[in-house]
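Asks: fold the following and give me the result.
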Amino acid sequence: PRRRLLVEKSLEFRSWALCELICKESTDAAPDSADRALELANLALRVAELLPGDEAFRSRLQGYAWAHVGNARRVRSDLPGADEAFGRVRQLWKAGEPGDPGCLLDEARMLGLEASLRRAQRRFPKALELLDKAMQIDRGDVTKHLLLSKAKILEELGEFKAAVAVLQRATPLIEQAGEPRLLLVLRFNLAVNLCFLERHGEAELLFPGLRELVTQLGNDLDMVRFRWLEARTGAGLGRRDEALVGLSCVRDEFASREIAYDAALVSLELASLYLEEEQTAEVRTLARQMLWIFHAQGVHREARAALRIFYEAAERETVTLDLTRRLVVYLHRAQNDPSLRFEDVA
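Replies: From the prediction side, this is the model:
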């Protein structure tokens, strides 16, 4: 409220540069607090609305601020509200073009934010189109983020080889930037995609650097996910006992935190290891331990339906390794797509 009052009462705070700075603070806040991100984006919008001087540039600045409002709404899972915001972006940005001949405001950032919305809407071709356009006009600071977004979309589409190529392209940019969180995301996602391609040995080469980054950043959940990746890689390299212990510990961690979707994924990966040894009784026990997941938050209807197929087959001891592996692939792809059905992937 005090910040809002300063903007309303004092000309000193009605600055395009301050608006741009608040927008950046909004995107920085988004991973930790969607509400704070939205509060800041709305504050930036108010600065833009009150900007004195040229009307065209004021329109341009409002469009820029609306893009960050839309991004914050997306992070809060308000996709219709985010879509409405980006509709305003297009109108205001185009109307204000004559007022920004020197391109003070970075359009590449806005396009990247809209691409994130289109990805959340599962409009992958549009998201990729926006990312490519953003990279063409980027001044050099945004491309590393855009490449990470593009690789994630390709991963969700199951195009793992293409995702690896994009991540390798991003590597020198991110290493040069020296941002630990960004470097962790890059290396982790690269290892994940290498595992999908069954290039587990290459993935394992990334682990010393990953472990150092996870330790440096000190996030407990990062460590749990890293251990999951280690166990998955160990399974791919034939270290079955090590993988069983690792996956069991990770499953217990996710269960204790009530992170149901990831607990389901780890459970299916465990089941795959048991089925490789035809241990159907262990799989049935594992399936019964998954019952809580059917009633948990964060598991959408189609995913529950797919897990039901596994549970019923496990109860009859007719579940197969092929079915379980296909369910693992499905859950990875469907995590952010509630409309995707198992039948569409299988």
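Asks: just give me the longest helix of this structure.
Replies: What stands out as the longest helix in the chain, according to DSSP state H, is helix 55-75.
Asks: can you dump the C-alpha atoms of it in CSV for me?
Replies: The C-alpha coordinates for helix 55-75 follow below in CSV (Å, rounded to 0.1, in the frame of the first residue of the first chain):
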residue,chain,number,x,y,z
GLU,A,55,0.6,9.3,-25.0
ALA,A,56,2.0,6.8,-27.5
PHE,A,57,4.9,5.9,-25.3
ARG,A,58,2.6,5.6,-22.3
SER,A,59,0.5,3.1,-24.3
ARG,A,60,3.7,1.1,-25.2
LEU,A,61,4.7,1.0,-21.5
GLN,A,62,1.3,-0.1,-20.5
GLY,A,63,1.5,-3.0,-23.0
TYR,A,64,4.9,-4.0,-21.5
ALA,A,65,3.4,-3.9,-18.0
TRP,A,66,0.3,-5.9,-19.0
ALA,A,67,2.6,-8.6,-20.3
HIS,A,68,3.9,-9.0,-16.8
VAL,A,69,0.4,-9.0,-15.3
GLY,A,70,-0.4,-11.8,-17.7
ASN,A,71,2.7,-13.7,-16.7
ALA,A,72,1.8,-13.4,-13.0
ARG,A,73,-1.7,-14.5,-13.7
ARG,A,74,-0.3,-17.6,-15.5
VAL,A,75,1.8,-18.5,-12.6
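Asks: packing partners for the helix or strand following it?
Replies: Next helix or strand after helix 55-75 toward the C-terminus (DSSP states H and E): helix 79-95. When contacts are defined as 3 or more Cβ pairs under 8 Å, 6 or more residues apart in numbering; DSSP states H and E, helix 79-95 packs onto helix 55-75, helix 107-120. For every residue, glycine as well, the C-beta is placed using N, CA and C.
Asks: once you drop chain neighbours, what's closest to E156?
Replies: Excluding its sequence neighbours, the residue lying closest to E156 (Cβ to Cβ, 6 or more residues apart in numbering) is R333, at 6.1 Å.
Asks: now for the one you found, how many residues are close by?
Replies: Counted with other Cβ atoms under 10 Å, the neighbours of R333 add up to 17.
Asks: look at it and tell me its secondary structure.
Replies: Under DSSP: H, G, I helix; E, B strand; the rest coil, R333 falls in the helix class.
Asks: what's near enough to touch it?
Replies: When contacts are counted by Cβ atoms under 8 Å, 6 or more residues apart in numbering, R333 touches E156, L157, G158, L340, V345.
Asks: next one: it from R326, what distance?
Replies: Look at R333 and R326: by Cβ to Cβ, to the nearest Å, they are 11 Å apart.
Asks: please enumerate the shared neighbours of those two.
Replies: Contact with both R333 and R326 is made by residues V345, according to Cβ under 8 Å, 6+ apart.
Asks: nearest the geometric middle of this protein, what residue?
Replies: The residue lying closest to the centre of the chain (Cα atoms, centre = their mean) is K152, at 7.2 Å.
Asks: so it sits right up against F188, yeah?
Replies: No. K152 is beyond contact range of F188, at 11.2 Å (criterion: Cβ atoms under 8 Å).
Asks: count of neighbours near K161?
Replies: By other Cβ under 10 Å, neighbour count at K161 equals 12.
Asks: report the contact partners of G298.
Replies: I259, A260, Y261.
Asks: quick one: which of those is nearest A17?
Replies: Comparing these against A17 with Cβ to Cβ picks out I259 as the nearest, at 40.3 Å.
Asks: the closest one: neighbour count?
Replies: By the measure other Cβ under 10 Å, the count of residues near I259 is 18.
Asks: and what of N219?
Replies: Neighbours of N219 (other Cβ under 10 Å): 14.
Asks: what's L340 sitting at in phi/psi?
Replies: Dihedral angles of L340 (phi, psi; degrees, to the nearest 10) stand at phi -70, psi 130.
Asks: wait, L173 touches V142, no?
Replies: No. L173 is beyond contact range of V142, at 10.1 Å (criterion: Cβ under 8 Å).
Asks: on that earlier part again, mind putting the contacts of G298 into JSON lines with pLDDT?
Replies: Formatted as JSON lines, these follow (pLDDT from 0 to 100):
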{"residue": "I259", "pLDDT": "91"}
{"residue": "A260", "pLDDT": "92"}
{"residue": "Y261", "pLDDT": "92"}
